[in-house]
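# Just to be clear, the model below is a prediction. Sequence and coordinates:
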Amino acid sequence: EHRYAPAEIEKKWQRIWDETHAHKTQNDPEKPYYYCLEQFPYPSGRLHMGHVRVYTIGDVVARFKRAQGFNVLHPMGWDAFGMPAENFAIKHGVHPNVSTWDNINFMRGQDKELGISIDWDKELATCSPDYYKWTQWLFQLFYERGLAYKKEAAVNWCPDCSTVLANEQVEDGGCWRCGTEVVKKDLAQWFFKITDYAERLLTDLDKLPGWPEKVKTMQRNWIGKSTGADITYKIAGRDETVTVFTTRPDTLYGVSYLVLAPEHALVQQLIAGYEKEADVRAFIDQVRKASEIERTSTDAEKVGIFTGSYAVHPLTGAQVPIWIANYVLPDYGTGAVMGVPAHDERDFEFASKYELPIPVVIEPEGGHQGPLTAAFTEDGTIINSAEFTGLHNRDALTKITAHLEAQGIGKATTSFRLRDWLVSRQRYWGAPIPMIYCDSCGTVPVPKDQLPVLLPENVDFGVKGKSPLATNEEFVNTTCPSCGGHAQRETDTMDTFIDSSWYYLRYVSAQDDSQPFSTEDANKWLPVDKYIGGIEHAILHLLYSRFFTKVLHDAELVNFDEPFESLLTQGMIVMNGAKMSKSKGNVVSPEDIIGKYGADTARVFILFAAPPDRDLEWSDQGVEGANRFLNRVWRLVDNNLHQIRSSKGANAEGAEAKKLRTAMHAAIKKVTEDIGDRYQFNTAISAVMELVNAIYAYPEHADPGTKADAIKTAVILLSPAAPHITSELWEMMGHKTPLHQVVWPTYDESALVSDEIEYVVQLNGKVKDRIVFPKDTTKEEIEQTVLTSEKVQALLEGKSIKKVIVVPGKLVNLVVG
Ligand code: ANZ
Ligand code: ZN
């Protein structure tokens, strides 16, 4: 007899798995393919419990699918570019390349200590040249397809450090290093034209039944499609026109002013020569400092200023003043709005504040009672609107739009909230954008056979006014690939979201140095069958990945156009209801728990404590409970080793043997469905616990073969969750084939039908007892047994029975007085 010693056996099995390449990706055309992927981590230094949870979930699925006979792809990599390593370099002088690889090496070791069944031959890191070579290649593919372009855009700028700041480097409106107020500055930057795909990104969400509804809703809102019309107004006394986007053409006769975003291209012309031009300019500067979130939040104060110019109402010919205001965004719709204060809340607030007229054009049944005290935003009947008066406003909407279209001054249109994706970063630790600027040839892509454009080692991270790459002259100065003349390299790097938008494709061909991925293999493995990750990536990462996949589909590099068939968003780990975080000081580290109890205990606790998509409340008792359970399984095998090894097979003749056999098949069914169909690992583990209890309760005299079978089955069923202990037990039982090569058991439907039925015994409807009867017991026999049972006799003392109701297969109710 020996004790469960997790530290030893876990090391032993991890070594065996490593040495035998136990989790190597199989590619057997006879078998079905299954791609199980957890979102790859940023190599921050060490794993936290959130990582442990997500990899454990993925690992259960991967091990289960392998046992079921699938070719399983279960890889791991590192989202290794990004700000933290660069900030660390600025503060501590350690080069990002050094700190990042240190972190990766440490975290890889931790993954192995958790027993995650990764095919390490497929490991990738986005910061290594053989990965970012292909990121650059894809950038150029987008460029060739007209999906990458350069334009001016505002960046965060610290006037004191004279440097560009990432959004994360702006803290409360100030620079993270010196606290100086951050301003906006226009720089020419690269964009990806994701807006070309807005419609498909929206409608294809309907093709994803395997995604949580919540995530799809978040994506829909982010893409934000609105239907309405563009309406063009002449500017009084000038040749120019201004076009507004409105979702409510039915309110056209209720327009009291137009309002433009301060950034609107026309504004400069409108205000030129206006007596209050200086005031307007000061106002524009002030608005541009605020972030978009500040500008659009409903409780932000709406402020504006008159431009001195008027527009002409397209139907009434009336002059309407043109204002600019903070609540109009430059890059939504046309950046210009028609103000209808009577029927739009924001406009009502604005018009009330600046004493602009509030003409009413829609009324509810029975009319408005007195003047409006708030915008009337409901549907109703059109009034004060020439020939449209009297219509229902929804009819008026189509009629007015048609009328404008006929006159060429308006057209039905849709607007998306989604903007093009700004991908330039004025940072060091990212993939260099592979473009060259030549005085004679303009923008020239680096020829594909010259990729990768290597990130230069020697740069100054903190030099004023420059992107770090611009500080390395050798890097910057180059020759033009097209004319051979002197040229300069782009010095911006790519947003790290680009790196993570295609990594799931790279895994299928991780070591291929001739292409980003093999189309044939990608088509075999993808879409990813199960993608597991945090809800924090519900919008950007998933949207960008979907966008990439669609572009690659259109380029005929893959034959699917959605990357992730099914998505599991795991919940957080909380302690006493609060998220585990360093700042709260309530962190439990994976090292501690593995050191004390072993990885299997950590895994079982995490899986058992909550369904994967729910928050998980950390509890030390829960961890101990998981550990006790594993010890119980250990003893079950250890105490019965002789019986198991000498078993000549089951002989399920006796009632007890039959009962255990039923319990065993019920457990197989439950665990198989819970893992494979429902992804409910907590109930899968309960089912194994029940089976273990049933085996402990199995009498000594009953058939030993049945018991041996049940023990073996329990060990297999537990193996995806606790791979080390089960591998060891399996070996102890005398098996030559290692457990990770053992085929998942199937259940026998007929074995599930029990020969016995449990009846509930009630007294006046209250449950008092439970009694088991053989299936074919008659009503009379049941009644007889219940009435004469000791427990019921005691309960009946001093009472008289009025009625006995027997519901076959369910219950016996005694009505007493
Ligand atoms: C007149 C009107 C009358 C409007 C009315 C609404 C209600 P969604 O649904 O979000 O697409 N709008 C248009 N462009 C804008 C911009 N760049 N910044 C801020 N607001 C803008 O909203 C569309 C409505 O938001 C448009 O319809 C426009 O106001 C405003 F009773 O036009 B509406
Ligand atoms: Zn040139």
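Ah, there it is. Ligands and ions are numbered 1, 2, ... in the order given.
# quick one: L391 from G654, how far?
Using Cβ to Cβ, to the nearest Å, one gets 83 Å for the distance from L391 to G654. The C-beta positions use only the backbone N, C-alpha and C, and glycine is treated the same way.
# Which of these two has more residues huddled nearby?
Neighbours were tallied for L391 and for G654 using other Cβ atoms under 10 Å; the higher tally belongs to L391 (18 against 14).
# hang on, that one packs against K399?
Yes: counting by Cβ atoms under 8 Å, L391 does reach K399; the two are 6.6 Å apart.
# which parts of the helix or strand containing V815 are buried?
Using DSSP states H and E, the secondary-structure element containing V815 is strand 811-816. The neighbour-count check on strand 811-816 (16 or more other Cβ atoms under 10 Å) flags L811, V812, N813, L814 as buried.
# show me what contacts P434?
Remark: with contacts taken as Cβ atoms under 8 Å, 6 or more residues apart in numbering, P434 is in contact with Q136, F139, Q140, P445, V446, L451, P452, V453, E490.
# ditto for F40
M76, G77, W78, D79, S500, Y503.
# and which of these is nearest to D521?
Of all those, Y503 has the smallest distance to D521: 14.9 Å, by Cβ to Cβ.
# what about the closest one, distance to ligand 1?
For Y503, the distance to ligand 1 (Cβ to the nearest ligand atom, to the nearest Å) stands at 34 Å.
# Phi first, then psi, for that residue.
phi -60, psi -30 (degrees, to the nearest 10).
# For it, which residues are in contact?
Contacts for Y503 (Cβ under 8 Å, 6+ apart) come out as F40, G77, D79, L124, T126, Y131.
# let's go with 10 Å and repeat that
Residues touching Y503, when contacts are defined by Cβ atoms under 10 Å, 6 or more residues apart in numbering, comprise 37, 39-40, 75, 77-79, 124-126, 131, 135, 510, 545.
# Show only the entries of these found in helices.
Using DSSP state H, the members of the contacts of Y503 that fall in helices are Y131, T135, S545.
# Neighbour-wise, give me the winner out of these.
Counting neighbours by other Cβ under 10 Å, T135 leads the ones in helices among the contacts of Y503 with 27 neighbours.
# Between L391 and K399, which contacts overlap?
Shared contacts of L391 and K399 (Cβ under 10 Å, 6+ apart): D250, I382.
# so can I have a markdown table of the contacts of P434 showing distance to P612 and pLDDT?
Written out in a markdown table, the entries for the contacts of P434 read as follows (distance: Cβ to Cβ, whole Å; pLDDT from 0 to 100):
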| residue | distance to P612 | pLDDT |
| --- | --- | --- |
| Q136 | 36 | 98 |
| F139 | 35 | 98 |
| Q140 | 39 | 97 |
| P445 | 44 | 97 |
| V446 | 44 | 97 |
| L451 | 40 | 97 |
| P452 | 38 | 97 |
| V453 | 41 | 98 |
| E490 | 43 | 97 |
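# one step back: tell me the two of the buried residues of strand 811-816 that are most distant?
For these, and using Cβ to Cβ, no pair is farther apart than L811 and L814, which are 10.4 Å apart.
# Next, show the common contact partners of these two.
The contact sets of L811 and L814 overlap at V761, Q762, G765, I805 (Cβ under 10 Å, 6+ apart).
# Which residues of the protein lie near ligand 1?
Counting by Cβ under 6 Å from any ligand atom, the positions of the chain adjacent to ligand 1 are 226, 245-248, 251, 261, 327-329, 332-333, 335, 337-338, 340, 343-344, 415.
# Out of those, which end up buried?
Buried among the residues of the chain next to ligand 1 (16+ other Cβ under 10 Å): 245-246, 248, 251, 261, 327-329, 332-333, 335, 337-338, 340, 343-344, 415.
# quick one, what contacts the residue lying closest to A710 once chain neighbours are set aside?
Spatial nearest neighbour of A710, chain neighbours left out: M664 (4.6 Å); criterion: Cβ to Cβ, 6 or more residues apart in numbering. With contacts taken as Cβ under 10 Å, 6+ apart, M664 has the following neighbours: 650, 652, 691, 694-695, 706-707, 709-714, 717, 745, 747-748, 751.
# Narrow the shared contacts of L811 and L814 to those in strands?
The strands in this structure, assigned by DSSP state E, contain V761, Q762, I805 from the shared contacts of L811 and L814.
# Tell me the one of the shared contacts of L811 and L814 nearest K669?
Out of the shared contacts of L811 and L814, the member with the shortest distance to K669 (by Cβ to Cβ) is V761, at 28.8 Å.
# circling back to that earlier point, show the buried residues in the contacts of M664.
With neighbours counted using 16+ other Cβ under 10 Å, those contain these buried positions: 650, 652, 691, 694-695, 706-707, 709-714, 717, 745, 747, 751.
# Show me which positions of stretch 137-148 end up buried.
Going by neighbour count (16+ other Cβ under 10 Å), the buried part of stretch 137-148 is W137, L138, F139, Q140, L141, F142, Y143, L147, A148.
# What separation do you get for P371 and ligand 1?
Relative to ligand 1, P371 is positioned 17 Å away (Cβ to the nearest ligand atom).
# That residue contacts I358, doesn't it?
Yes: between P371 and I358 there is a contact at 8.3 Å, judged by Cβ atoms under 10 Å.
# the more surrounded of the two?
Each of P371 and I358 has its neighbours counted (other Cβ under 10 Å); I358 has more, 19 against 7.
# Leaving out chain neighbours, which residue sits closest to the more buried one?
Taking Cβ to Cβ, 6+ apart as the measure, I358 lies nearest to P341, with 4.5 Å between them; neighbours along the chain are not counted.
# Tell me who's in contact with the one you found.
By Cβ under 10 Å, 6+ apart, the contact set of P341 is 251, 254-257, 347-352, 354, 356-360, 372, 375.
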